[in-house]
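Asks: What would the 3D arrangement of this be:
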Amino acid sequence: WLAARYRENDSRGMLLPDRVITLFPDPKPLTAFALTDHQNRVFDLASLKGKWSFLFFGFTHCPDICPTTLAILARARDNIAKSTVGAEDVQFVFISVDPNRDTAGKLSQYVTYFHTTFLGVTGNDAQIGNLAGQLGAAYQVAFTPGMENYPVYHTTAVFLLDPRARYHAMFTPPLDAETISRRFKVLRELAGA
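Replies: Have a look, this model is predicted:
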């Protein structure tokens, strides 16, 4: 209904404030960055082009937020895949902010547990900081040499980039698969209008 109303009125207005999604009326283009995915391939700006990309920052040793969020995103991805448009132009990317422990092999095992199509990416501190800074994704790794279980603090938001690699929206907790997939459907319809 909202998308139809939007087209009828040739509106350029924003969606009303929403507790789940923040939609940016002027999506912000990202600048160059380079990370490595769980198959040791380069993951950069070109990897985002042509697809809607859901990005989530976290780490594989996370006891609660990361596995819960990835399970929710897996269900949202399945819901999106069932829609008439499908999920061919959608990707879900888990960005590890803990490169000391999260190797490509560890990331591969972790993300594919939640969904076989999910990507796990990481890089060095400067590379991760570059992308996180562009999105305003806060995180802090309290690395202590010799300590295996050091704490990592990270944002719980999910960042949505459009097929032109622009920061288009952000989903904030409480996250729910059905709500994410419904909001995304409306957003995709509005973007195509």
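Asks: Quick one: residues contacting the one residue sitting closest to the centre of the chain.
Replies: Centroid-nearest residue in the chain, with Cα atoms, centre = their mean: residue 55, separated by 1.4 Å. Counting by Cβ atoms under 8 Å, 6 or more residues apart in numbering, residue 55 makes contact with 93, 95, 135, 137, 158, 159, 160, 161. All C-beta atoms are positioned from the backbone trio N, CA, C, and that covers glycine.
Asks: Check residue 53 too.
Replies: Residue 53 sits next to 90, 91, 92, 93, 160, 161, 165 when contact means Cβ under 8 Å, 6+ apart.
Asks: Poorly predicted segments of the protein, please.
Replies: Along the chain, the parts satisfying pLDDT under 70 run over 1-18, 193.
Asks: which stretches of it form strands?
Replies: 21-29, 34-37, 42-44, 52-58, 90-96, 119-122, 139-141, 152-154, 158-161, 166-171 (DSSP state E).
Asks: Quickly compare these and say which is most buried.
Replies: Scoring the strands of the chain by mean neighbour count under mean count of other Cβ atoms under 10 Å gives strand 119-122 as the most buried, with a mean of 26.
Asks: elements contacting that strand?
Replies: On a contact count with 3 or more Cβ pairs under 8 Å, 6 or more residues apart in numbering; DSSP states H and E, strand 119-122 meets strand 34-37, strand 90-96, helix 104-114.
Asks: residues making contact with stretch 89-98?
Replies: The contact list for stretch 89-98 (Cβ under 8 Å, 6+ apart) reads 35, 43, 50-61, 66, 70, 73-74, 77, 80, 102, 107, 110-111, 115, 117-122, 128, 131-132, 139, 141, 152, 154, 163.
Asks: Isn't residue 176 up against residue 71?
Replies: No. Residue 176 is beyond contact range of residue 71, at 11.5 Å (criterion: Cβ atoms under 8 Å).
Asks: from memory residue 32 sits against residue 45, does it?
Replies: Yes. Here residue 32 reaches residue 45: they are 5.6 Å apart, a contact under Cβ under 8 Å.
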